[in-house]
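Asks: starting from these lines, generate the structure:
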Amino acid sequence: MEKIVELKILPDQIDDLSYIASRVRKKSRTKNHHKLYWRIIRRSIDARQRQAFYLLRIEYKIGEDFAAATTLLSTFSSVTSAPVVHIIGAGPAGYFVALELIQLGYKPIIIERGKDVRARRRDLKAIQQEGIVNPDSNYCFGEGGAGTYSDGKLYTRSQKRGNIEKVLRLLVEHGAKEDILIDAHPHIGSNKLPGIIQSIRETIENYGGEIHFGSKLVDIQLDDGKITSILLADGKTIQVDTLVLATGHSARDIFYLLNKNEIEIEAKDFAIGVRIEHPQPLVDLIQYGQEQRELNLPAASYKLTTQVDDLGVFSFCMCPGGLVVPAATAPGEIVVNGMSLSRRDSPYANSGFVTSISCEELEVHGYTGTFKSLDFQKEVEQKVFSAGDGSQAAPAQRLTDFLARKSSSELNPSSYIPGLFSADLHEILPEFVVKRLIRGLRQIGLKVPAYITHKANIIAVESRTSSPIKIPRNRTTCHHPQVANLYPCGEGAGYAGGILSACMDGQRIAKAILGNHQEYAKLNHED
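Replies: Numbers count the residues shown, from 1 in each chain. Predicted coordinates:
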């Protein structure tokens, strides 16, 4: 019979398995002559006091070891000759739709505008070092989507969207460390993700699925409320029975395509702001009380949130020991994002710091129609670009200067490879956004005074927090209300907000497809 104990462990003891075993034995009152088996099922850090501790939740058994878990991949079988589902997009949502479909007995065929993870690296290098943006291969587009070259954060508040444990186990079976199964805030790291993504691709192909890179959707053919075929940029027409749209939050051409074909889409609230970069030792000092953190403590992170005029102002996608990267998806725009390697050993910490933007507020400022959120997003990104020299160098300002609305005579060192230039962000960004960010930062400063420092840079613009467009779908059947065989999925459709929620939404879509096909067969008396 399995039982549970909870332990508080100092950081320098976390790798001492003999010590942890003795603590488990003592707390469980297991006698020395009894064989004890134990495993950690949850691990987190408590840094609320002066001394940081690891909190461990441990499952144990006496006299009998834990049974070996059956792998999920052992339940897969070939779908080479199975019914086909076409998926647009090879990001987390698209790949996990495909994995779930294989388990359910469908053959996924994935259409991806970008390149595979290895070929994609050359285009990322071109953005970083030459300022050249390939609109089909960048930090957002390509195999694995925006999640491939990110921190690989794997936590979500959307616990009911799907099977979190299944997603994590599949990631482990494709090369992620087992730590993600137990950590309260698991992450993989941008240096590890490409190999995992490639392994998932190989699984899909090994079981009969197909993935076509460099294949861009440019049009669809509708007949009697269903999509009958899709047209690719190379002129190829593909007949489809079921189509999943998992194109990510930056595939603006897909939104325009749907609108052209009179398929309903909606403007959506989103968030916009800046990316703030601090020295990592300063964040460690704030969180741990240690500028030189203890051995075995990870680079400290934070989550900050406040309200200004009933709208959220908050940190987003915090990357401890991370890098700021250029995330533009078209020439003529500046967008910044953050990522971390698995070791999180950069001397810098960065996070988005953004404010919610409502559709109602945009209308007050003169933005109207279906594309009002998208139009505003584009306008800000292009204005930020126009403040520079035509490269991907980003405008920046010292945090304290931004709050004082004054120019920065010099900037702090930064991880951003294309480079920073001093600019008055309080004049470049929309005034109503600036006001809310300033008020929010001042409120944060009252709670965490050390956060507001001249040692931090703010970099513009953090604008791809989520999709500015929502593609509606039926709550239970998950298909578009107008188009019976179109399934909007993931971040780009407005139903996810990160890697894990996108993966879980992919699972949900696959199950909905199966359920709808079974219901159709039942109504039509098919076997």
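Asks: can you list the domains in this structure?
Replies: Domain assignment for the chain, taken from automatic domain parsing, gives 3-62, 80-266+470-523, 269-462.
Asks: lowest-confidence helix or strand of the chain?
Replies: Sorted by mean pLDDT, DSSP states H and E, the helices and strands of the chain end with helix 499-523, the least confident at a mean of 91.
Asks: so which elements touch that helix?
Replies: Applying 3 or more Cβ pairs under 8 Å, 6 or more residues apart in numbering; DSSP states H and E, one finds that helix 499-523 makes contact with helix 92-104, helix 164-173, strand 486-488. C-beta coordinates here come from the backbone N, C-alpha and C atoms, glycine included.
Asks: got TSV for these, with mean neighbour count too?
Replies: Converted to TSV, these look like this (neighbours: other Cβ atoms under 10 Å):
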stretch	mean neighbour count
helix 92-104	28
helix 164-173	19
strand 486-488	26
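Asks: so which of those is nearest Ile438?
Replies: Ile438 lies closest to helix 92-104 among the helices and strands packed on helix 499-523, at 34.5 Å (Cβ to Cβ).
Asks: circling back to that earlier point, mind putting the domains of the chain into TSV with distance to Ala69?
Replies: Converted to TSV, the domains of the chain look like this (distance: least, Cβ to Cβ, whole Å):
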stretch	distance to Ala69
domain 3-62	11
domain 80-266+470-523	8
domain 269-462	24
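Asks: okay, the angle between the least confident helix or strand of the chain and helix 92-104?
Replies: Orientation check (axes from the mean of the first three to the mean of the last three Cα atoms, to 10 degrees): helix 499-523 against helix 92-104 gives 40 degrees.
Asks: quick check: buried residues in helix 499-523?
Replies: 499-514, 516-517 (16 or more other Cβ atoms under 10 Å).
Asks: go on, stretch 311-322?
Replies: Here stretch 311-322 shows Gly312, Val313, Phe314, Ser315, Phe316, Cys317, Met318, Cys319, Pro320, Gly321, Gly322 as buried, counting by 16+ other Cβ under 10 Å.
Asks: over to stretch 391-408?
Replies: 392-403, 408.
Asks: what ranges do the helices span in the stretch 251-400 of the chain?
Replies: 252-260, 280-288, 359-364, 372-386, 399-404 (DSSP state H, counting those that start in this stretch).
Asks: thought Ile180 was touching Arg169?
Replies: No - the pair Ile180 / Arg169 is not scored as a contact, 9.3 Å apart, by Cβ atoms under 8 Å.
Asks: now Leu282. Nearest residue, chain neighbours left out?
Replies: Leaving aside its sequence neighbours, Leu282 sits nearest to Lys455 (Cβ to Cβ, 6 or more residues apart in numbering; 6.2 Å).
Asks: quick one, phi psi at that neighbour?
Replies: Backbone geometry at Lys455, expressed as degrees, to the nearest 10, gives phi -80, psi -10.
Asks: so what's it up against?
Replies: His278, Pro279, Leu282, Asn412 (Cβ atoms under 8 Å, 6 or more residues apart in numbering).
Asks: now for those residues, which pair is the farthest apart?
Replies: Longest span within these, Cβ to Cβ: Leu282 and Asn412, 10.9 Å.
Asks: any common contacting residues for these two?
Replies: The contact sets of Leu282 and Asn412 overlap at Lys455, Ala456 (Cβ under 8 Å, 6+ apart).
Asks: thinking again about what came up before, do you know how far the residue nearest to Leu282 is from Ala98?
Replies: For Lys455, the distance to Ala98 equals 45 Å [Cβ to Cβ, to the nearest Å].
Asks: tell me how far Gln221 lies from Gly388.
Replies: 42 Å.
Asks: among these two, which residue is more densely surrounded?
Replies: Gly388 (18 against 14; other Cβ atoms under 10 Å).
Asks: wait, the more buried one sits on Glu381?
Replies: No - in this structure, Gly388 is not within contact of Glu381 by Cβ under 8 Å, at 11.9 Å.
Asks: need the residues touching each of those two.
Replies: Residues touching both Gly388 and Glu381 by Cβ under 8 Å, 6+ apart: Ile334.
Asks: point out where this structure drops to low pLDDT.
Replies: Along the chain, the model assigns pLDDT under 70 to residues 1-2, 151, 157-162, 525-527.
Asks: quick check: bridge partners of the nearest residue to Thr370 once chain neighbours are set aside?
Replies: Distances taken as Cβ to Cβ, 6+ apart put Ala267 closest to Thr370, at 5.7 Å, once the chain neighbours are dropped. Taking DSSP bridges as the rule, Ala267 bridges to Ile469.
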